[in-house]
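>>> Kindly generate the corresponding structure for this input.
(chains A and B)
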Amino acid sequence: DAGVTQSPTHLIKTRGQQVTLRCSPKSGHDTVSWYQQALGQGPQFIFQYYEEEERQRGNFPDRFSGHQFPNYSSELNVNALLLGDSALYLCASSLHGAHVETQYFGPGTRLLVL
Amino acid sequence: ILNVEQSPQSLHVQEGDSTNFTCSFPSSNFYALHWYRWETAKSPEALFVMTLNGDEKKKGRISATLNTKEGYSYLYIKGSQPEDSATYLCAFPSPIDSGGSNYKLTFGKGTLLTVNP
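Here you go, the predicted model:
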């Protein structure tokens, strides 16, 4: 079992550009959540996808969007990048997203916006 | 806005020392509490999911207790080893739909543990 995988591992972009991050969930999982970890903070919830639909969004602007594919993999897109978008982006997968279900995390994509 | 607090922010101990740190969370509307261990450049690794008041869980030298009435959980490491060096995160699930069957995690900022050989 490959676990949760994310690509790319690192990315450097400039302000105003757009970025797409990718996530493959753990085998058998159907729910993908995205989190942003800024320096010195805990991971913050961006949104969650299940059955190709966004369930809920955290306190992030519409510049952040996502998608889930029929094979449950997911993408996070960020448009019009700002310096403040520099962070580690974590993907987590789970089965259904219940409160007692462990969310399994990937290693993250580190995004640097210059 | 949910408040999940962890203390201390960082901790340096010597190999062989036992240590513990705290996670505080809202005591109302408790669903569960998750503990993760996160080594640098790796994925956060799930340690425990705690659900019942008075729960005590153990994994090797690491154990955790839960007090839902006062809203805290302790993580203990007995006989710390250099390989225990990591950030320990706790996370509090909260529902993201009215049906209450799907949850997001709200994390604390973590406790960075460094074990010196």
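>>> which parts of chain A sit against chain B?
A:3-4, A:31, A:33, A:35, A:40-45, A:48, A:50, A:55-56, A:58, A:90, A:92, A:96-108 (CB under 8 Å from any CB of the partner chain). In this view, the C-beta of every residue, glycine as well, is placed from N, C-alpha and C.
>>> Tell me which of those fall in strands.
Among the residues of chain A next to chain B, the members falling in strands (DSSP state E) are A:31, A:33, A:35, A:44-45, A:48, A:50, A:55-56, A:90, A:92, A:104-105.
>>> Are any of those residues buried, and if so which?
In these, burial by neighbour count holds for A:31, A:33, A:35, A:44-45, A:48, A:50, A:55, A:90, A:92, A:104-105, counting by 16 or more other CB atoms under 10 Å in any protein chain shown.
>>> Please name the bridge partners of the residue of chain B found nearest chain A.
Residue nearest to chain A within chain B (CB to the nearest CB): B:Phe107, separated by 3.3 Å. Counting by DSSP bridges, B:Phe107 forms beta bridges with B:Ala91.
>>> any idea how far B:Phe48 is from A:Val4?
For A:Val4, the distance to B:Phe48 equals 19 Å [CB to CB, to the nearest Å].
>>> give me every residue that touches A:Leu81.
A:13-19, A:113 (CB atoms under 8 Å, 6 or more residues apart in numbering or on different chains).
>>> quick one: it from chain B, how far?
Using CB to the nearest CB, to the nearest Å, A:Leu81 is found at 24 Å from chain B.
>>> among the helices and strands of chain A, which has the poorest mean pLDDT?
strand A:53-57 (a mean of 88; mean pLDDT, DSSP states H and E).
>>> For chain A, give the residue positioned nearest to chain B.
For chain A, CB to the nearest CB, closest residue to chain B: A:Gly42, 3.3 Å.
>>> Could you report the neighbour count for that residue?
Close neighbours of A:Gly42, defined as other CB atoms under 10 Å in any protein chain shown, add up to 19.
>>> Excluding chain neighbours, give the residue nearest to it in space.
B:Phe107 (3.3 Å; CB to CB, 6 or more residues apart in numbering or on different chains).
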